[in-house]
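Participant: Next one to model:
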Amino acid sequence: MQDSAVQRRGRAGERAEVARARPRRRSKKFVALLFVLPILLINVIVIIGPSISAFYYSMTDWSGVGAARFVGIDNFRRIIFDDITYREAFTNNLIWLAFFLTVPFVLALLAASFLAPIRKGGLFFRTALFIPYVLPSVIVASIWRNLLSPTLGVGVQLDKIGIRGLDQAWLGRPDSALLTVAFVDNWRFWGFLMVLFLAAMQNISPDLYEASRLDGATRWQEFRFITLPGIRPTIALMILMVSIWSFLVFDYVWILTGGGPAGSSEVLGTLVIKYAFNRFQAGYAAAIGLSMSFFAGIVITIFVVLRRRGWEV
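Facilitator: Below is the predicted model of the structure:
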C-alpha cells in the first residue's frame, strides 16, 4: 500500500511538472512566431498579393491603365490555340533548357573533378572561375556584345590574321542568335555550378578513393561509381533550379537581342514585357506570366513525386 501511494504521488508530481512546463512551451512558440511574423507579412505583401492580382488580371482585357474588362479564359485559349509567337517563344525556352542541362553541367563536372585533388592554389582557380557569376548581367552582356561585333569583334581580328569564318554577326543571324546568347550566359553560369559540385566532391570520404585505387579502379571508374553517386543530391538540386530558371530567363536575351532578329531568340520572359509595355496588353501578359509559373510548377511537382518514390533527388 505504501509503495502504491508513493507511485501515485510520483505520477501526480509528473503531471504537475508537465502542467508547469506547458505555459513555457507556449511562450517559446509565441516568441518564435513573433520572429517569423515579419517574414510572413513580407511574403504576403510581396508574393501572395501580386500572385492573386496576376491571376485576376490574366482573365481580363486590360491595357495596364484604367479599368479591366473581364474576359474569362479567353487569354488562355488564345495562348493555346491562336498565338504562334507564344509557341515559338516556348520552343526557344525548351532549347534553352536543353542547352543548360547539358553544356554547363558537363563543363562544371569536368572542371570540378580536375580541381578536387588540388590543394595548393585551388582557391585561386575556384575564385577565377566563379568571378563571372558575380558580375552584373548588363556588364557581361556589354562586354560580349563588343567581342561578338561583326565589325570590331574577336572574329574580325582573327580573320585579319588568317583564321577565317568567325567574322559573323552571331547575334544578328536567326539561326545563331539564341545559342549565342546561351553561350554568353553559360560563360557566366558554369563557374557557379563548378563551385557547387567541387564543394560536394570534397565532402566525399577519401577512404573510398583509396579503396578503389587498391582494387585497381581507373579515374573514370572512380568518377562514375564514387564521385557521381556522392554528389547526386547536389546535381539533382541544380537540375531542378536550372529547369525553373530556363522558363524564367530574361536578362541576357533582352539586353543582347531583345528577342530578335525576327523573334528567333524570343523567350517567354521577353514576350511578357513586349505584350505588357509595347502592345499594352497587360492582361494577356499576365496570362503568359502565369503559364511560366505553371511550367515551373510542373518541374517542381515531378521532383516531389520522384522524391516520394524513393529517388535521391
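Participant: Could you measure from the residue lying closest to Ala262 once chain neighbours are set aside over to Asp185?
Facilitator: Distances taken as C-beta to C-beta, 6 or more residues apart in numbering place Pro174 nearest to Ala262, at 5.6 Å, with adjacent residues excluded. Every C-beta, even on glycine, is put in place using the N, C-alpha and C of the backbone. Plainly put, Pro174 is 19 Å away from Asp185 if you go by C-beta to C-beta, to the nearest Å.
Participant: what's the answer for Leu107, then?
Facilitator: From Leu107 to Asp185 the distance is 13 Å (C-beta to C-beta).
Participant: per-domain residue ranges of the chain.
Facilitator: Using automatic domain parsing, the domain parsing of the chain gives 2-44, 83-308.
Participant: coming back round to it: now do the contacts for the residue nearest to Ala262.
Facilitator: Pro261, Ala262, Ser264 (C-beta atoms under 8 Å, 6 or more residues apart in numbering).
Participant: hmm, back to that, where among the domains of the chain is average confidence lowest?
Facilitator: Averaged per stretch, pLDDT over those is lowest on domain 2-44, reaching a mean of 66.
Participant: Show me which of Leu107 and Asp185 is the more surrounded one.
Facilitator: Taking neighbours as other C-beta atoms under 10 Å, Leu107 and Asp185 compare with Asp185 leading, 24 against 18.
Participant: residue contacts, the more buried one?
Facilitator: Counted by C-beta under 8 Å, 6+ apart, Asp185 has contacts Phe100, Val249, Tyr252.
Participant: Nearest to Asn93, out of those: which one, please.
Facilitator: Asn93 lies nearest to Val249 out of those, by C-beta to C-beta, at 7.1 Å.
Participant: ok, so what distance separates the closest one from Gly153?
Facilitator: Separation of Val249 from Gly153 (C-beta to C-beta): 24 Å.
Participant: swap in Pro233?
Facilitator: As for Pro233, its distance to Gly153 is 41 Å (criterion: C-beta to C-beta).
Participant: Could you do Phe55 as well?
Facilitator: Shown here: Phe55 relative to Gly153, a distance of 45 Å by C-beta to C-beta.
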